[in-house]
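Kindly generate the corresponding structure for this input.
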Amino acid sequence: MHDLDHLALSRRGLLRGGAWLGAGAALSSLPFAQALAQTASADANWPAVAAMLDKYVGQRKVSGMVAALGWGNAAPGFISRGKEGFDDPDAIAAQSLFRAYSQTKPVTGMAAMLLIEEGKLKLDQPIADFAPEFSQMKVAIDPDQGLEARPTDTLITVRHLLTHTAGLGYAGVGKNKPIARELERLGLFPAIVTSLPIPGMSSPTPVPGPDEFLKRTAAVPLVAEPGKVWRYSMSLDVLGIIIQRAAGAKSFEHFLQERFFGPLGMTSTYFHVPGDATARLTTNYGLMGDIPLPIDGPRNSVYLRPTPFAYGGSGMVTSPADFDKFLAMLVNGGMHGTTRVMKEETVRQGTSNLLPAGADLSGTWVAPYQFGAGGLVGTGINEGLYGWSGAAGTIGMCNARLKLRTGLYVQCMPSETLPLITEFPRAVAADIIAGK
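So this is what the prediction gives:
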């Protein structure tokens, strides 16, 4: 029996998601009409993707894996291999439930864009308009050394939260350890992983409710002046609460249900998994070397318990079929069938570069790209690319130029233990090129 105390799991892996090493170079030479002529209805259309799933499931590195691939407004194709857990008799499928973690961020980003569309938020509006405690922010003089701070020159705006340029820290993530430790001490760690006693996977202080969460967050020095540098952070969790206040909604979760999940028919997307859905919940594994150890299963999952609020940066559970509906809405300019969910210009804005002018991305994993509403944005040969990934290995990306949507679903941590973020887009590109 392996000692879970020695399981090599990092919060950096939990919360960072990951940059998409896109297939744009391979796809850029593919005629658009020929690309759309491809279908995603069977394994035979995506042999390289199917082979990748066969490899990981066959080697028992993961219990199961699902790929979701679709073009335009056509129904997606799903490739499924394995089970929902090594000890689970249920085959993994398009309706299985996966912990999305940071793949939640683009949904929160697009929720903010809805309010910008309606004039209830402005892109460059200070969030202090909705949370006055953010009107007196301070920035650490040396965030690597301590908490000594000075007043900021700039107020945090909605744009800053959307693009990780607010200067906020992230508990357990990044180089600025004193601030990360202070966030942890205050319970500002909006993510859940397991009820098992695994060091580093939870905060010793419970996460407070949304109002107290904002109050405590505003009391911690920033790691950088707002608008100046890209620093992965809990900004989308803060933004979810700002959205709730700006919309006058009962909760952020209720807002998403009314504006996205309901209209899109996303009936298997939750922040708290209901009892009648537990049979479809997959098991999440921690990889200790090559050995996957269960850290959260369907019968005792932490996702069966309500959280203090819906974590806009990491809290969503969804199915491959559900998240494909969100991506399909984006590539179809805000339409779901005959229902308009967002204006086309709103989608275009949210999936475009929203970084503040002059924001420094050097030394970050998004440096080859740009950033939009809570997700990576492609440039050049990757133009049209938008999306993000999650800490347990899920990937949700779309390309509006190619009208392509792609998803990969698995549950293993740390996600970077398996090179899925590079292998999956390469497999997709190989299949498209082979089929032209």
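
Could you use CA atoms for every contact and neighbour count after this?
Noted.

Any regions of the chain where pLDDT drops low?
1-42, 174-176, 199-202, 436 (pLDDT under 70).

Start and end of stretch 293-310, how far apart?
Stretch 293-310 has its terminal residues 27 Å apart, counting by Cα to Cα, to the nearest Å.

Show me the contact partners of that stretch.
Residues outside stretch 293-310 that contact it (Cα atoms under 8 Å, 6 or more residues apart in numbering): 192-196, 207-210, 240, 251-253, 271-275, 278-287, 316.

make it 6 Å
Here stretch 293-310 makes contact (Cα atoms under 6 Å, 6 or more residues apart in numbering) with 194, 209, 253, 272, 273, 278, 281, 283, 284, 285, 286.

Over to stretch 353-368?
For stretch 353-368, contacts defined as Cα under 6 Å, 6+ apart pick out 19, 163, 227, 228, 229, 230, 370, 371, 372.

hmm, try it at 7 Å
19, 159, 163, 227, 228, 229, 230, 370, 371, 372, 377 (Cα atoms under 7 Å, 6 or more residues apart in numbering).

Closest to residue 71 out of those?
Of all the contacts of stretch 353-368, residue 377 has the smallest distance to residue 71: 19.0 Å, by Cα to Cα.

Quick check: that closest one touching residue 388?
No: using Cα atoms under 7 Å, residue 377 makes no contact with residue 388, being 9.3 Å away.

The two: who's more crowded?
Per other Cα atoms under 10 Å, whichever of residue 377 and residue 388 has more neighbours is residue 377, with 28 against 24.

Next one: the spatially most central residue of the chain from residue 397, what distance?
Nearest to the mean C-alpha position of the chain, by Cα atoms, centre = their mean, lies residue 103 at 1.7 Å. Separation of residue 103 from residue 397 (Cα to Cα): 9 Å.

Mutual contacts of the two, please.
The contact sets of residue 103 and residue 397 overlap at residue 388 (Cα under 7 Å, 6+ apart).

need the strands for the stretch 101-250 of the chain, in chain order.
138-140, 149-151 (DSSP state E, counting those that start in this stretch).

Among those, which comes closest to residue 263?
strand 138-140 (40.6 Å).

Touching the closest one from outside, list them.
The contact list for strand 138-140 (Cα under 7 Å, 6+ apart) reads 147, 148, 149, 150, 151, 152, 221, 222, 223, 224, 225.

Try it again at 6 Å.
Residues contacting strand 138-140 (Cα under 6 Å, 6+ apart): 147, 148, 149, 150, 151, 152, 221, 222, 223.

Helices of this structure, residue ranges please.
In the chain, the segments counted as helices under DSSP state H are 11-15, 24-27, 32-37, 47-58, 105-117, 158-163, 177-185, 210-218, 235-247, 252-256, 262-264, 320-331, 344-350, 420-434.

which strands and helices sit next to the strand ranked longest in the chain?
Looking across the chain with DSSP state E, the single longest strand is strand 64-71. Other helices and strands packing on strand 64-71, by 3 or more Cα pairs under 6 Å, 6 or more residues apart in numbering; DSSP states H and E, are strand 77-82, strand 404-409.

from these, which stretch is densest packed?
Compared across the helices and strands packed on strand 64-71, strand 404-409 shows the largest average neighbour count, a mean of 25 (mean count of other Cα atoms under 10 Å).

Direction included, what does that strand pair against?
In the sheet, strand 404-409 lines up against strand 64-71 (antiparallel), strand 395-399 (antiparallel) (DSSP bridges).

Kindly state which of these is positioned closest to residue 122.
It is, among the strands paired with strand 404-409 and with distance given as Cα to Cα, strand 395-399, at 25.3 Å.

so how far is the closest one from its chain's centroid?
11 Å (Cα atoms, centre = their mean, to the nearest Å).

quick one: contacts of it?
Contacts with strand 395-399, where a contact means Cα under 6 Å, 6+ apart, come from 384, 385, 386, 387, 388, 389, 404, 405, 406, 407, 408.

okay, the residues you listed in TSV with distance to residue 417 next?
Shown next, in TSV, are these (distance: Cα to Cα, whole Å):
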residue	distance to residue 417
384	28
385	24
386	23
387	21
388	17
389	14
404	27
405	24
406	21
407	19
408	15
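
can you tell me which two in those are farthest apart?
By the measure Cα to Cα, 384 and 408 form the most distant pair in the contacts of strand 395-399, at 18.9 Å.

quick one on the thing from earlier: please indicate which of the contacts of stretch 293-310 are buried?
For the contacts of stretch 293-310, a burial check counting by 16 or more other Cα atoms under 10 Å picks out 194, 253, 272, 273, 278, 281, 283, 284, 285, 286.

Closest one to residue 127 out of those, please.
When the buried ones among the contacts of stretch 293-310 are compared for distance to residue 127 (Cα to Cα), residue 253 wins out at 19.5 Å.

how much space between the closest one and residue 207?
17 Å.

Residue 117 too?
Where residue 207 is concerned, residue 117 sits at a distance of 31 Å (Cα to Cα).
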